[in-house]
Every structure is written in structure tokens, then in C-alpha cells.
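> Below are the sequence and a predicted model; questions follow.
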Amino acid sequence: MRHFLLLFLTAVAVVVGIAGLRGHLSRKPPILIIPDLNHQFKLRPEQPNDFFANGQSSQLPPPGTVPRSRPMPTVSGPVYPYEDSPANTGFMAGTTNFIATNPLPVTPALLRHGREQFEIYCTPCHGALGDGNGIMKKIGVMPAVANLHDQRIVEMTDGEIFNTVTRGKGLMAAYGPTVSIQDRWAIIAYVRALQLSWLGSTNDLPPALQAALK
Ligand code: HEC
């Protein structure tokens, strides 16, 4: 009997010790022999107080603070990365129709940046000229890479190319996870410049140069 009582009490102590009173949330600080820094005077958001002169616990960020997300400057105003906006998706709002043109203002700086990004992410397969003769074809690991000067691709909307770059196609990987939205649009602006460079004719030259050629 005494042994049973001893075992029983030990079992109760073990069960209560492991399973008892777990997971109770409390706002009250635990009893601490040596107080630690988790528990100290602090203000919760919107808590009225007389610590700050204006009585608000939420203050404006100090000047020079770097925000976690910056708006992307587009032709129709700033767009944040979390917004459901054509500039982020490549689709017209609420549809699955691609937008026709690049939402970023196309500037020499954007084209320069696009060229840099294209040379990093696209030339291995599509080649520096975009004709599909990159190193991957030369060493024979990717036999058929799209030629970006194909009429079909020239006629695609910017939104559709954005979608291909974002999600990938066939053997081409998706670049949505690695290349930022802004960089993808910069790449597309540069792809358009590459295409234009192939489509140009002597008629596009200024008259003086045309005459010099003849
Ligand atoms: C790993 C090699 C590889 C890389 C890197 C690559 N592509 Fe491709 N790309 C391909 C292949 C292969 C196809 C043909 C896919 C198919 O039609 O199945 C293709 C197709 C395309 C097409 C045509 C899509 C269509 O609908 O037919 C576009 C536009 C394109 N790539 C743009 C890009 C751009 C811009 C980049 C750089 C961000 C890039 N690609 C990087 C391999 C690559």
C-alpha cells in the first residue's frame, strides 16, 4: 500500500509537471528572481501616454528611415509591390488580358539597367543579340531556345513577355522569384530595343545620313 501511494504520487507529480498548466497566455509578467529586459516599460501601438509630448505612442519615422518597401514609379503613378496592379501582374485589372505596353517610363537609364539585367539572366540561353544562340546552345545542353526576333515574339504584348519571364515556359525557368518586378520591366524595355535594332531600315536614318549612304 505504501509503495502504491508513493508510485501514485510520483506519477501525479510527473503528469502535472509535464502536461499540467501549459499554454496559458497571460499579460502578467512571470515572477522573476532576477528581472530580465523582456519586461520593461514600453508603449503599445496607439496607447495614450504622457511619455511623448503629443501623447501618441506611434510616432512618425525619424528622417532618413529606409522603408521596407518602396513604391515603383510607373507612368500612372507610384505602385507598391503588394498592390494588385497591372504593373505588378502584367494583366489588366480583374482580367487575364495582358497589358500592351511597359508601365515604367522608358528612359536611357532604364534601358541601360535592362541591358545589364538581360546580360546577367537571359544571355546564357538567348545570347547577347537575343537570337537564341547563347552559350547553352553552343555547348549543346539546350538545343532549341526561342529567338526573340521571331515575328511571333515581336508581336507579343509587353504583358505577355512579362508573364513568360515571371512564370517561365517550357525549358525556360521562372524569373519571378529571383528578378524584381522593376528589373523584369527594365529587361523587357531592353528586349524591345534589341528587337527594334533588327527591324530598323535605312529609312529610319536622318535624311543627311541617308543621302551620305546613297
Ligand atoms: C535556361 C535558359 C533560358 C534563360 C536563362 C532564359 N530563357 Fe527565355 N526561353 C528559353 C527557352 C528554351 C524558350 C522556349 C520555351 C518554349 O517555347 O517552350 C524561351 C522562350 C522565351 C520567350 C518566348 C516565350 C513564348 O511564349 O514563346 C521569351 C519572350 C523569353 N524566353 C524571354 C526571356 C528573357 C527576357 C529572359 C531573361 C530574363 C530569358 N528568356 C531567360 C530559355 C531560356
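Thanks, I have it. Numbers count the residues shown, from 1 in each chain.

> CA only for contacts and neighbour counts going forward, please
Fine.

> can you pull the buried residues of the helix or strand of the chain with the lowest mean pLDDT?
Using mean pLDDT, DSSP states H and E, the weakest-scoring helix or strand in the chain turns out to be helix 2-19, at a mean of 86. By neighbour count with 16 or more other Cα atoms under 10 Å, helix 2-19 contains no buried residues.

> ok, now which ones touch residue 146?
Neighbour list for residue 146: 126, 131, 132 [criterion: Cα atoms under 8 Å, 6 or more residues apart in numbering].

> Figure out the helix or strand that it lives in.
For residue 146, there is no host helix or strand (DSSP states H and E).

> Could you report the distance from it to residue 16?
Distance of residue 146 to residue 16, given as Cα to Cα, to the nearest Å: 67 Å.

> What of residue 27?
Applying Cα to Cα, the value for residue 27 to residue 16 is 23 Å.

> swap in residue 190?
For residue 190, the distance to residue 16 (Cα to Cα) stands at 68 Å.

> just residue 29 next, same as before
22 Å.

> Would you tell me which residues of this structure are close to the ligand?
The chain has residues 118, 121-122, 124-125, 144-146, 161, 164-165, 169-172 near the ligand, with proximity defined as Cα under 6 Å from any ligand atom.

> Just the ones of those residues in helices?
With DSSP state H as the criterion, helices contain 118, 121, 124, 125, 161, 164, 165 from among the residues of the chain next to the ligand.

> Contacts only, for the fifth one.
Spelled out, that is residue 161. If you count contacts by Cα under 8 Å, 6+ apart, then residue 161 has residue 188 around it.

> let's see 10 Å
Listed by Cα atoms under 10 Å, 6 or more residues apart in numbering, the contact partners of residue 161 are 90, 98, 153, 154, 167, 168, 184, 185, 187, 188, 191.

> likewise the last one?
Contacts for residue 165 (Cα under 10 Å, 6+ apart) come out as 122, 159, 172, 173, 174, 175, 176, 179, 184, 185, 187, 188.

> give me phi/psi at the residue nearest to the spatial centre of the chain?
With distances taken as Cα atoms, centre = their mean, the chain has residue 180 as the residue nearest its mean C-alpha position (4.3 Å). Per-residue torsions, residue 180: phi -60, psi 160 (degrees, to the nearest 10).

> who touches it in this structure?
Applying Cα under 10 Å, 6+ apart to residue 180 gives the contacts 81, 88, 166, 186.

> can I assume the first one is in contact with residue 71?
Yes - using Cα atoms under 10 Å as the test, residue 81 is close enough to residue 71 to be in contact (6.9 Å).

> quick one: which of those two has more around it?
When residue 81 and residue 71 are compared for neighbours, residue 81 comes out ahead with 17 against 13, by other Cα atoms under 10 Å.

> Please name the residues that touch that one.
Contact analysis of residue 81 by Cα under 10 Å, 6+ apart lists 69, 70, 71, 72, 87, 88, 89, 180, 181, 182.

> Would you list the buried entries among the residues you listed?
For the contacts of residue 81, a neighbour count by 16+ other Cα under 10 Å gives the buried set as 72, 87, 88, 89, 181, 182.
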